[in-house]
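> pasting the structure only:
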């Protein structure tokens with residue numbers, strides 16, 4: 001595979017951009033090699049500056065449920081652009097998108113739009129602390145909720161115990177307000193509540209996508225809901241990745257547990273920078289301008305991003321049959337990977353939730369970040385390199401999630417499976 005232009009572009013980028021990338025995982029440090037510099041995307045494919053084509057199982061890290069350059073989303077964006085890029089003033093579009101989200105998520109009565117998942121989770125936690133009147137928070141080892149100071153503790157893929165931070169630059173005094181629990185382990189949550197009487201909220205990815213794909217057990221989420229009720233703590237579901245991806249209503253498509261607050265991102269922006277957080281009117285009305293909890297943003301509710309979001313969410317709601325179809329493709333892919341691995345005596349665990357999939361190079365099931373960390377990351381790096389050479393673009397970390405999009409079909413999936421078979425054979429032969 002020729003990557004000459006990408007190599008040159010990467011070297012040039014490193015002269016003016018820190019590490020040559022604007023988000024760390026893009027540097028390919030965990031898998032080796034040079035990241036392809038992308039020229040364009042179309043449907044299920046990416047095309048790099050050297051002319052290589054790839055089946056794209058990253059889909060911009062999740063938002064492109066209808067693939068690259070979806071005609072309906074493109075049309076909506078182009079129409080919005082002709083009316084102005086940004087107003088810093090309210091529009092009817094914002095109300096439309098808010099209604100569309102609220103209509104499918106139980107427990108959400110009001111929403112606030114923001115620009116990124118980090119903003120959504122940071123703001124939700126501030127709001128939860130104000131509502132509960134308590135300062136401490138519980139998060140889970142391996143869950144990533146953005147790069148705000150309080151949340152960079154054992155933060156999963158991007159950073160991979162009490163008061164221990166995953167990043168320099170976070171004051172110890174601040175990090176000590178964050179307690180770390182073990183995913184899918186309610187006893188560890190109880191221990192956190194025993195360690196602090198000042199816990200105001202618990203935040204969790206109910207379908208974790210940043211330690212690889214690891215869904216929370218339903219009975220664990222039920223126990224977590226009950227415990228938060230008992231302790232007067234606000235329960236936040238971070239569905240920035242799983243919202244409208246795992247199902248039409250995220251984790252609620254798999255269980256009937258209703259959190260106090262939910263954060264959204266990815267799909268609700270249709271590929272544009274957009275996120276949101278929402279909950280009951282009782283909690284949300286504490287936000288300014290009704291309450292004293294301040295949160296603001298010049299580009300929040302940007303008309304271009306909101307137009308893309310409306311097109312994406314409405315198209316999903318009009319075509320709910322996409323979920324069983326995408327699930328079947330994800331299951332076909334992961335089963336194909338598993339069969340190919342088994343043929344070469346390579347242990348592989350797989351998981352699917354709707355249009356999301358994940359796999360781990362190990363023999364035991366994965367229920368938390370400690371389990372995930374037992375995976376053979378060197379083998380993953382080799383597999384990633386071999387698949388890239390064969391035109392398959394996978395997430396460049398063992399601790400990330402893959403995504404299926406509607407332009408994919410069984411022929412594309414089977415091409416990826418064939419590439420996996422060839423990759424495993426090459427790895428076994430040392431080629």
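Cool, got the structure. These numbers were taken from a predicted model, which means no experiment stands behind them. Residues are numbered from 1 along each chain as shown.

> what about the strands in the stretch 101-250 of the chain?
110-114, 136-140, 178-181, 199-204, 207-208, 214-215, 234-239 (DSSP state E, counting those that start in this stretch).

> I'd like those strands laid out as CSV, including mean pLDDT.
Shown next, in CSV, are these (pLDDT from 0 to 100):
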stretch, mean pLDDT
strand 110-114, 98
strand 136-140, 96
strand 178-181, 94
strand 199-204, 97
strand 207-208, 97
strand 214-215, 98
strand 234-239, 98
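
> what ranges do the helices span in the protein?
Listed in chain order, the helices of the chain (DSSP state H) span 4-16, 71-81, 92-102, 117-132, 172-175, 186-195, 218-231, 281-284, 303-318, 322-343, 369-372, 377-389, 410-429.

> hey, least reliable of those helices by pLDDT?
The minimum mean pLDDT among the helices of the chain belongs to helix 172-175 (a mean of 72).

> now do the buried residues in it.
For helix 172-175, the neighbour count (16 or more other Cβ atoms under 10 Å) marks residue 175 as buried. Where you see a C-beta, it was placed from the backbone N, CA and C, and this is true even at glycine.

> how far is that helix from where the chain is centred?
Using Cα atoms, centre = their mean, to the nearest Å, the mean C-alpha position of helix 172-175 is found 26 Å from that of the whole chain.

> make a markdown table out of the helices of the chain and add distance to residue 269.
Output for these, formatted as a markdown table (distance: least, Cβ to Cβ, whole Å):
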| stretch | distance to residue 269 |
| --- | --- |
| helix 4-16 | 25 |
| helix 71-81 | 10 |
| helix 92-102 | 10 |
| helix 117-132 | 10 |
| helix 172-175 | 29 |
| helix 186-195 | 31 |
| helix 218-231 | 26 |
| helix 281-284 | 20 |
| helix 303-318 | 5 |
| helix 322-343 | 18 |
| helix 369-372 | 27 |
| helix 377-389 | 27 |
| helix 410-429 | 25 |
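
> ok, which of these comes nearest residue 240?
helix 117-132 (3.7 Å; Cβ to Cβ).

> touching, residue 242 and residue 210? I think so.
No - judged on Cβ atoms under 8 Å, residue 242 makes no contact with residue 210 at a distance of 10.9 Å.

> so the two - more neighbours on which side?
residue 242 (31 against 26; other Cβ atoms under 10 Å).

> OK, contacts around the more buried one?
205, 206, 207, 209, 250, 251, 353, 354, 356 (Cβ atoms under 8 Å, 6 or more residues apart in numbering).

> tell me how far the third one lies from residue 78.
From residue 207 over to residue 78 the distance is 33 Å, taken as Cβ to Cβ, to the nearest Å.

> which one of the two is surrounded by more residues?
residue 207 (27 against 11).

> list the beta-bridge partners for the more buried one.
residue 215 (DSSP bridges).

> just give me the neighbour total for residue 54.
21.

> so what's residue 389 closest to, chain neighbours aside?
residue 1 (5.1 Å; Cβ to Cβ, 6 or more residues apart in numbering).
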